[in-house]
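Colleague: Sharing a sequence plus its predicted fold:
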Amino acid sequence: MSQTIVDLASLHRAATDGTLELVYQPEIDLDSGAIVGMEGLLRWHHGSLGVLGPADFLDLAIRTGEISPIGEWVLRTGAAEVKSWLGLRGPRRQLWLNVSAEQLRADGFADLVSTVVRDFDLPHGALGLEITERTCLEFGAEAAPIFESLRAAGVALAVDDFSSYYATLGAIEALPVDAVKLGHKYVRGVGEEGHDDTLVSSVIDRAHLRGMYVVAEGVETWSEHARLIELGCDRAHGWLFASAQRADKARWLLSQGMGWRGAVAEDEEQAIPMPRQRT
């Protein structure tokens, strides 16, 4: 759907009129099968155009300055949802939210993040921010102090949609980043006959050497799932596991998603160590 048909007046009201929604896609620990996180995805229930995804309106929001109130709505809504997860059984869960280059550049963004974390009394790293590989390259040397201020504000950081390797991996290794999220370009077809898994393996190994964990995005087949485990990938999300869910269903999935290790622990009435967290 073309962004040009979205009217600015309704976009201006979106952060306050109840038409925005976050939906949540589970992130799976590949070792245990447990749901250890969610990725928050923005939806806008437009009165006449139906349900819109970010691609339908975020460029307009950025051009017109509406990204600031919408971004704050996303942060506060996501933080409130994370707060509701804290009493659930199992490993500590993280919620990942996307942030744009324009948000990172805005004066006081790190202060806003710190305020949100403090207002909802969230543990360090329970809320995570995803910054695209493209944004990391765009910021260059300016990225490190920005990332440091966000880490000090109490959030985890991930490089999202990682896909170019040589152009970015060296730069990422110098940043205070917790996770690398492999883009579809790397994940699609891994484990299938004729697919070269060398780059995927190299990224995983180098990320682990820097204390980062690796998330595979958009996993759709069991062969991809199995090969990613063999290569040492830590986490994954995709339609193979679950599509994006509304908040109440996501909470239910978290309450049930203990993974095979958690299920064994309940059956045997004994505790089993949860997966190691690289945060």
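Modeller: Thanks, I have the structure now.

Colleague: gap between the helix or strand containing His225 and the chain center?
Modeller: Following DSSP states H and E, one finds His225 within helix 222-230. Put simply, helix 222-230 sits 20 Å off its chain's centre (Cα atoms, centre = their mean, to the nearest Å).

Colleague: What mean pLDDT does that helix get?
Modeller: The average of the pLDDT scores along helix 222-230 is 93.

Colleague: which other helices and strands contact it?
Modeller: Packing partners of helix 222-230 (3 or more Cβ pairs under 8 Å, 6 or more residues apart in numbering; DSSP states H and E): none among the helices and strands. Yep, even glycine has a C-beta here, placed from its N, CA and C like the rest.

Colleague: Other residues contacting the helix or strand following that helix?
Modeller: Later in the chain than helix 222-230, the nearest helix or strand by DSSP H and E is strand 235-236. The contact list for strand 235-236, computed with Cβ atoms under 8 Å, 6 or more residues apart in numbering, reads 27-30, 36-37, 179, 213-217, 219, 225, 228.

Colleague: quick one: which of those residues is nearest to Ile204?
Modeller: Val214 (5.0 Å; Cβ to Cβ).

Colleague: picking up where we left off before, next step: the contacts of strand 235-236 restricted to helices.
Modeller: Counted as lying in helices by DSSP state H, out of these, are His225, Leu228.

Colleague: which one of the contacts of strand 235-236 sits closest to Gly90?
Modeller: Distances from Gly90 to the contacts of strand 235-236, taken by Cβ to Cβ, are shortest for Val36, at 8.1 Å.

Colleague: how many other residues sit next to the closest one?
Modeller: Using other Cβ atoms under 10 Å, Val36 has 27 neighbouring residues.

Colleague: start the count at 309, not 1, going forward
Modeller: Yep, numbering from 309; the last one is Val344 now.

Colleague: pLDDT wise, what is the residue lying closest to it once chain neighbours are set aside at?
Modeller: Nearest residue to Val344, sequence neighbours excluded (Cβ to Cβ, 6 or more residues apart in numbering): Asp337, at 4.6 Å. We have a pLDDT of 93 for Asp337.

Colleague: Ser318 too?
Modeller: Turning to Ser318, the model gives it a pLDDT of 87.

Colleague: just checking, what packs against the helix or strand containing it?
Modeller: Element membership for Ser318 (DSSP H and E) is helix 316-321. On a contact count with 3+ Cβ pairs under 8 Å, 6+ apart, helix 316-321 meets helix 366-372.
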